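*Asks:* model the structure of this input:
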Amino acid sequence: MSKKLSYIPGDHWVVCQRSGKVIRSSEAKREWTGLIVAPEYWEPRHPQDFVRVRAENTAAKGLVNPEPTDTFITGFCTTRSAVAGVAITGCAIVGLDPEYNEIPTGTFNSNTL
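*Replies:* Predicted coordinates:
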């Protein structure tokens, strides 16, 4: 069944940009996307498009103490003891007598196994 294309003064024919259907300009609706569509193809803008978040202030409040700069100490291995409170990290040798401050020299005998 075809639509009768009759003349109505001031009401011209337009093509629906979504379906290709020919409709009167008085029936056409413009979407938020800018498309001119037939009433049955018109879609409102989603409400979530209008949601706005509140600005959040994440800056630190009150006294702010910056992280101190790293200090590296080298060449201070005064003891090689592994005793807690005496040992220096990187200088201690586990099992070393705290009175004996030299690196032990050991021997390996494979016949004792």
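*Asks:* which residues touch the closest residue to Ser26 other than its chain neighbours?
*Replies:* Take Ser26 and drop its neighbours on the chain: the residue closest to it by C-beta to C-beta, 6 or more residues apart in numbering is Asp11, 5.0 Å away. All C-beta atoms are positioned from the backbone trio N, CA, C, and that covers glycine. Contacts for Asp11 (C-beta atoms under 8 Å, 6 or more residues apart in numbering) come out as 24-26.
*Asks:* for Ile23, see how far away Asp11 is.
*Replies:* Distance, Asp11 to Ile23, by C-beta to C-beta, to the nearest Å: 10 Å.
*Asks:* tell me the bridge partners for the closest residue to Trp13 other than its chain neighbours.
*Replies:* Leaving aside its sequence neighbours, Trp13 sits nearest to Val22 (C-beta to C-beta, 6+ apart; 5.6 Å). In this entry, Val22 is beta-bridged to Val15, by DSSP bridges.
*Asks:* ok, now which ones touch the nearest residue to His12 once chain neighbours are set aside?
*Replies:* Spatial nearest neighbour of His12, excluding adjacent residues (C-beta to C-beta, 6+ apart): Ser25 at 5.2 Å. Residues near Ser25 by C-beta under 8 Å, 6+ apart: 11-14.
*Asks:* looking at neighbours, which among those is most surrounded?
*Replies:* Among those, Val14 has the most neighbours (other C-beta atoms under 10 Å), with 17 neighbours.
*Asks:* now do the contacts for it.
*Replies:* When contacts are counted by C-beta under 8 Å, 6+ apart, Val14 touches 22-25, 28, 36.
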